[in-house]
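[1] Model the structure of this input:
(chains A and B)
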Amino acid sequence: MRMVNFRTPYNAGRLALALAAVLFLGFFLLPSQLQGVFQAIGSPIGWVLSWPLRAMAGIQGGIADSWDSFVALQGVQEENKELRKELDQLKGQNSQLREAAAATERLTALLEFKGQEMFPMVAAQVIGRDTGNWYRTIILNKGESDGFRPDMGVVTPAGVVGRIVKTTAATSVVLLVTDPNNAIAGLVQRTRDEGIIEGTTSGQARLKYIPLLSTARPGDRVVTSGLVGGFPRGLSIGAITRIDKAEGALFQSAELTPEVDISRVEEVLVIQSPNLQTESERSGHAKGRRKP
Amino acid sequence: MKALVIAGLIAGLIPVQSALLPHMTLWGVMPDLGLIVVCLAGLFAGELEGLLVGLAVGWITGLFSAADLTVGMVTKGTVGYLAGVAGRHIVDVTPAVLVLGLLAASCVSGLLTALVLTLNEQQDLWWALRTVVLPQAVLDGAVGGALYWLAWSRLNIERFVSEYRT
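    Numbering: from 1, shown residues only, chains lettered A, B, ... in the order given. From the prediction side, this is the model:
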């Protein structure tokens, strides 16, 4: 019979093996609990690390700004920037007015008007992007301490950007509307057909589950339906570029071009919708939930 | 001292990875500096350091990503540990050995991540291999090899590593 030798001298290799075994066993047995613990411990670390991140974003923004100003004609550059901002605002306004007009028409017919509830919005700056290649996200310079929580909607005046999936004390991670793992409830503004909007691997978005009898066509605008998630009704998401009807399918789907140019977004507004769980509440109750 | 060096390295890694590298992508993919650091730590400092640095880098980078925290910790911890084990058996680390090692480590880590993450129906294994795993492995190998060459041939870091080991 072989005896266990307890006098084995200490070495780093064995310690590493034991530590790895314990941790990995823990990760496989209690994934959501450990995820919650590490997320909670990481919140203040996120605050500390947000400072070099902000500094880098500031330096990068400064360099990009001065480069643009020197290479392009300064006046034209500024004017273009202003016009783009104005266009974005007008797009958003136009979408909301269209939505308001459609709603007024419908509700007047019903003689029963109920004002749409608007949640307060907080501005935040984009300071980075996802540290990996698997998800399309942006990092904001505000987090839990500013009242941001997972599932809150993120928009610009032009339309929907995405939703918050993770927060630390001073930063938030926003999963973009173009990420295939994102799902937002939307509707075709003209026909009022509802569906689910998901990102595509090519960086666009797709409206799924449109009824077969829908008359949706390219050029139609798609807005949030306000049914679920952190978005009120009527925020612009994009315009339909193509309708796909598969043979024998129960639904049709539509390819969208998002209203917001995700690659250029610098400032956003976070919709502070109530009744959303905090990160710790979420991880405490997230039994077996692995997807963001 | 070791802990301070590692903490400083990670604090510098996050801004570069999330603010600078997204503007320098190739084939829509950026290199994973965290993985390169973990491999180098394991290779030159041993399996315990490789594992600890891997866990720390996986955890911290996970805080700034939509990806699952535990997946990053497990994959990077494993890579760090395996790099440490490999470091014991490799007598002479040349740039070619390092590039090939990083290529293999990045492929294994990427495949593990693709298998563990619950990805969308559009993102099958072939998509993951073609668009993320392989391009990232090539970039990781190239960037790691370049960093190694720069550190060894220009900055005389060999002396620092041998002092660190003792």
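[2] Only C-alpha atoms from now on, for both contacts and neighbour counts.
    OK.
[3] what about chain B, any weak spots by pLDDT?
    For chain B, residues meeting the criterion pLDDT under 70 lie at B:91, B:118-122, B:154-166.
[4] starting at the chain centroid, how far to stretch A:157-170?
    Mean-position distance between stretch A:157-170 and its chain equals 5 Å (C-alpha atoms, centre = their mean, to the nearest Å).
[5] Do it and chain B come into contact?
    Yes: shown here: stretch A:157-170 in contact with chain B (C-alpha under 8 Å from any C-alpha of the partner chain) through A:165-168.
[6] who wins for neighbours among those residues?
    Neighbour count (other C-alpha atoms under 10 Å in any protein chain shown) singles out A:Thr167 as the most crowded of the residues of stretch A:157-170 next to chain B, with 31 neighbours.
[7] what's it in contact with, if anything?
    A:43, A:143-144, A:148-150, A:173, A:279, B:63 (C-alpha atoms under 8 Å, 6 or more residues apart in numbering or on different chains).
[8] Let's see if you can find the most crowded of those residues.
    A:Val173 (29 neighbours).
[9] Could you check how far B:Gly80 is from chain A?
    Remark: distance between B:Gly80 and chain A (C-alpha to the nearest C-alpha, to the nearest Å) = 10 Å.
[10] That residue and B:Gly34 touch, don't they?
    No: look at B:Gly80 against B:Gly34 with C-alpha atoms under 8 Å: they stay out of range, at 10.5 Å.
[11] With neighbour numbers in mind, choose between those two.
    A count of neighbours by other C-alpha under 10 Å puts B:Gly80 above the other of B:Gly80 and B:Gly34, at 32 against 25.
[12] And for the residue found closest to the more buried one once you drop the neighbours it is linked to in the chain, the neighbour number?
    Sequence neighbours aside, B:Gly50 is the residue nearest to B:Gly80 in space, at 4.0 Å (criterion: C-alpha to C-alpha, 6 or more residues apart in numbering or on different chains). A count of nearby residues for B:Gly50, using other C-alpha under 10 Å, gives 30.
[13] Make sure A:Ala239 is indeed in a strand.
    Yes: under DSSP: H, G, I helix; E, B strand; the rest coil, A:Ala239 falls within a strand.
[14] if you skip the residues just before and after it, what's nearest to it?
    With C-alpha to C-alpha, 6+ apart, the residue lying closest to A:Ala239 is A:Arg221, at 4.4 Å.
[15] List phi and psi for the one you found.
    In terms of degrees, to the nearest 10, the main-chain angles of A:Arg221 are phi -90, psi 150.
[16] is it true that it touches A:Arg192?
    No: here A:Arg221 does not reach A:Arg192: they are 10.4 Å apart, not a contact under C-alpha under 8 Å.
[17] Show me what counts as buried in the one helix or strand A:Ala101 maps to.
    Per DSSP states H and E, A:Ala101 falls inside helix A:74-110. Judged by neighbour count using 16 or more other C-alpha atoms under 10 Å in any protein chain shown, the buried positions of helix A:74-110 are A:88-89, A:91-93, A:95-96, A:98-99, A:103-104.
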